[in-house]
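J.: Here you go, sequence then predicted model.
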Amino acid sequence: MSQPVIAIAGLACETSTFSPARTFGRAFHPRRGPEVIEKYAFLHNGTPLADVADWKGALIGHALPGGIVVRADFEQLSREILERLAAIVASNPIDGLWYDIHGAMCVDGMEDVEAELLRRIRSVIGPDVLVSASMDLHGNVSRELAHQTDLITCYRMAPHEDALETKERACRNLIDVLTSRTDNGRRRPLKAWVPIPILLPGEQTSTRNEPAKSLYSLVPEIEAMDNVLDAAIWVGYAWADEPRNHAVVMVTGWDKDAVVIGAKRLASLFWRVHKDFHFVAPTGSFSECIDNALASSDRPFFISDSGDNPTAGGSGNVTFGLNELLKRAEFAKETTPSVIYASIPGAQAIDVITKAGVGTTVTVTAGAQVDNLHAGPVTMTGRIHSIRYGDPDAEIEAVLQVGSVFTILTKFRKPYHHESDFVGLDLSPRVTDIVIVKIGYLEPELFNMAAGWMIALTPGGVDQDLQRLGHHRILRPMWPFDKTFHRAPDLTPRVIPFSNEVLGTPQG
């Protein structure tokens with residue numbers, strides 16, 4: 001039997017509909033053709049997966065989370081995906097497609113975008129090609145997306161330390177199905193899909209903590225059942241307002257009874273513990289977090305400025321926290337407790353700083369160019385501590401010292417997750433008193449570094465206080481928006497075979 005031919009395509013961006021920011025096509029940093037294969041070491045020559053299939057890269061794009069994707073830019077990327085897939089199909093009829101997505105992308109004027117893009121892809125590759133999707137557990141699986149995929153899996157860890165493992169699993173599962181045949185030819189697996197009326201932020205559902213830790217520990221047990229290929233739990237994405245935004249459980253396999261039993265177990269446990277989810281760290285207002293940090297002997301003490309977290313969809317330029325910080329008298333002098341603030345974008349400020357040079361005192365204004373709903377631009381006078389060029393996200397970074405506060409400014413927004421992000425700017429977070437980062441739960445390096453930690457419930461496009469955001473299109477009742485359910489939710493698994501109705505008229 002000849003090797004299966006498998007194409008790769010997809011667009012990924014986690015987007016907040018509550019942020020005034022917009023995501024443009026260039027943010028996806030598209031990879032095309034062989035560049036797609038180069039991105040994933042598990043597909044390189046000599047690896048087990050590379051040896052059993054002929055992989056064809058079409059186009060993938062992964063954007064930093066942000067605001068709604070501009071429609072024209074999405075359409076352009078979508079057209080290119082279809083054109084490249086058509087060229088692949090013309091020269092090599094394909095057997096499978098790895099659909100590399102996040103699952104929480106929103107586009108101006110569109111709904112359920114990942115399902116819509118796959119519908120368009122199906123119009124090119126046809127209904128017989130098997131599709132395996134890999135997703136973030138903070139993505140959304142609508143019934144339509146479940147119908148159009150043959151296999152679908154997601155991360156099992158938050159923070160997402162298993163991202164590459166999940167993508168490799170999606171490819172391995174696809175190979176397994178493509179090489180499993182019966183007397184009637186290739187088989188398509190069954191999927192048991194259960195929507196669950198829960199919508200929580202990741203900061204309450206980290207798999208480091210209970211009850212998510214135990215909930216996700218059940219996934220491998222279900223996956224190990226006879227005739228089950230994969231099991232997955234999606235928490236869903238809390239900062240977008242579409243009917244598809246809610247938790248989902250799916251189990252995929254060959255036997256109807258097996259997938260139904262597995263999905264029912266996962267969904268029942270999820271609902272049984274829905275009241276037990278809580279924030280992964282102590283919380284408070286920004287001011288309360290500063291007070292606690294100053295009173296604590298734990299060093300370094302980390303504060304998550306969570307409402308504008310750029311890795312959850314925040315614009316990254318909300319100045320609320322930085323304004324509050326610079327008003328504090330405790331940090332007015334260089335001799336008072338040291339603080340790192342990461343970060344605030346300001347292209348004009350960066351221009352002033354780069355022209356002035358390290359060691360110079362300058363006055364600059366930054367932030368609130370996109371999101372000024374909660375605070376205006378912040379003006380600072382300080383000494384330029386460092387400048388760094390060439391970051392793939394920020395492009396140019398600089399540190400301005402104002403009193404004892406070392407503020408990182410960037411040309412373009414950037415998340416700060418690694419110690420090297422700071423060390424490269426001549427900062428030492430391990431010996432700094434307070435480190436304030438625009439983030440939700442701390443990524444592994446920061447988590448291991450932090451002696452103390454609080455989450456500041458600050459405003460922004462990814463506000464942790466979901467009630468403040470004004471959802472009005474999600475399905476109700478929905479926990480925690482609704483505290484009383486007059487009847488228990490229907491957690492009966494819906495068995496979903498592949499849908500032949502995938503070649504309908506696409507949106508737009």
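T.: Yep, that arrived. Residues are numbered from 1 along each chain as shown.

J.: Show me the shaky parts of this structure.
T.: Along the chain, segments meeting pLDDT under 70 span 1, 181-186, 498-508.

J.: tell me the helices in it, going along the chain?
T.: Using DSSP state H, the helices of the chain run over residues 34-39, 48-52, 71-91, 113-125, 143-148, 163-178, 212-223, 256-272, 286-295, 320-327, 347-356, 419-423, 444-449.

J.: Please identify which of those helices is closest to residue 12.
T.: Evaluated with CB to CB, the helices of the chain place helix 113-125 nearest to residue 12, the distance being 9.0 Å. Where you see a C-beta, it was placed from the backbone N, CA and C, and this is true even at glycine.

J.: Could you check the angle that closest one makes with helix 71-91?
T.: In terms of direction (axes from the mean of the first three to the mean of the last three CA atoms, to 10 degrees), helix 113-125 departs from helix 71-91 by 30 degrees.

J.: So what touches helix 113-125?
T.: 7, 9-11, 69, 74, 78, 81-82, 85-86, 89, 94, 97, 99, 101, 103, 105-107, 110, 129, 131, 133, 139-140, 142, 144-145, 148-149, 502-504, 506-507 (CB atoms under 8 Å, 6 or more residues apart in numbering).

J.: Same check on stretch 375-385?
T.: For stretch 375-385, contacts defined as CB under 8 Å, 6+ apart pick out 318-320, 322-323, 326, 344, 353, 356-369, 398-403, 406-407, 425-427.

J.: filter these to the buried ones?
T.: Buried subset of the contacts of stretch 375-385 (neighbour count, 16 or more other CB atoms under 10 Å): 318-320, 322-323, 326, 344, 353, 362, 364-369, 398-403, 406-407, 425, 427.

J.: Could you check how far residue 269 is from residue 231?
T.: Distance of residue 269 to residue 231, given as CB to CB, to the nearest Å: 12 Å.

J.: ok, the two, which is more surrounded?
T.: residue 231 (27 against 16; other CB atoms under 10 Å).

J.: Contacts only, for the residue lying closest to that one once chain neighbours are set aside.
T.: In space, residue 231 comes closest to residue 222 once its chain neighbours are excluded; the distance is 3.9 Å by CB to CB, 6 or more residues apart in numbering. Applying CB under 8 Å, 6+ apart, we find residue 222 in contact with 228, 231, 251, 262, 265, 266.

J.: ok, now which ones touch the spatially most central residue of the chain?
T.: For the chain, residue 14 is the residue whose C-alpha lies nearest the centre (CA atoms, centre = their mean; 5.0 Å). Residues in contact with residue 14 (CB under 8 Å, 6+ apart) are 65, 102, 104, 105, 136, 138, 139, 237, 311, 312, 313.

J.: Make TSV out of the residues you listed and add distance to residue 454.
T.: Shown next, in TSV, are the contacts of residue 14 (distance: CB to CB, whole Å):
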residue	distance to residue 454
65	22
102	28
104	26
105	31
136	25
138	22
139	28
237	24
311	18
312	17
313	22
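
J.: Now for residue 439, how many residues are close by?
T.: 26.

J.: Just to check, it is in contact with residue 307?
T.: No. Using CB atoms under 8 Å, residue 439 and residue 307 do not qualify as a contacting pair, with a distance of 10.9 Å.

J.: joint contacts of these two?
T.: With CB under 8 Å, 6+ apart, residue 439 and residue 307 have no common neighbours.

J.: List the buried residues for stretch 85-97?
T.: By neighbour count on 16+ other CB under 10 Å, the buried set for stretch 85-97 is 85, 88, 89, 94, 95, 96, 97.

J.: Not counting its neighbours along the chain, what's nearest the fifth one?
T.: When you say that, I think you mean residue 95. Per CB to CB, 6+ apart, closest to residue 95 is residue 4, 4.0 Å.

J.: same check, this time on the third one
T.: Beyond its immediate neighbours in the sequence, the residue positioned closest to residue 89 (CB to CB, 6+ apart) is residue 125, lying 6.1 Å away.

J.: Quick check: residue 253 vs residue 458, distance?
T.: 43 Å.

J.: These two: which has the busier surroundings?
T.: Set residue 253 next to residue 458 and count neighbours by other CB under 10 Å: residue 458 wins out with 27 against 24.

J.: Could I get the contacting residues of that one?
T.: Residue 458 makes contact with 285, 286, 305, 306, 307, 308, 318, 320, 321, according to CB under 8 Å, 6+ apart.

J.: List the contacts of the fourth one.
T.: Pointing back at residue 306 there. 203, 438, 439, 440, 455, 456, 457, 458, 460, 462, 464.

J.: TSV for those, including distance to residue 297?
T.: Output for those, formatted as TSV (distance: CB to CB, whole Å):
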residue	distance to residue 297
203	25
438	25
439	23
440	25
455	20
456	20
457	24
458	25
460	30
462	31
464	27
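
J.: Go through those residues and flag which are in strands.
T.: 455, 456 (DSSP state E).

J.: follow-up on the earlier one: please work out how many residues are found near the residue nearest to residue 89.
T.: Burial of residue 125 is recorded as 24 neighbouring residues (other CB under 10 Å).
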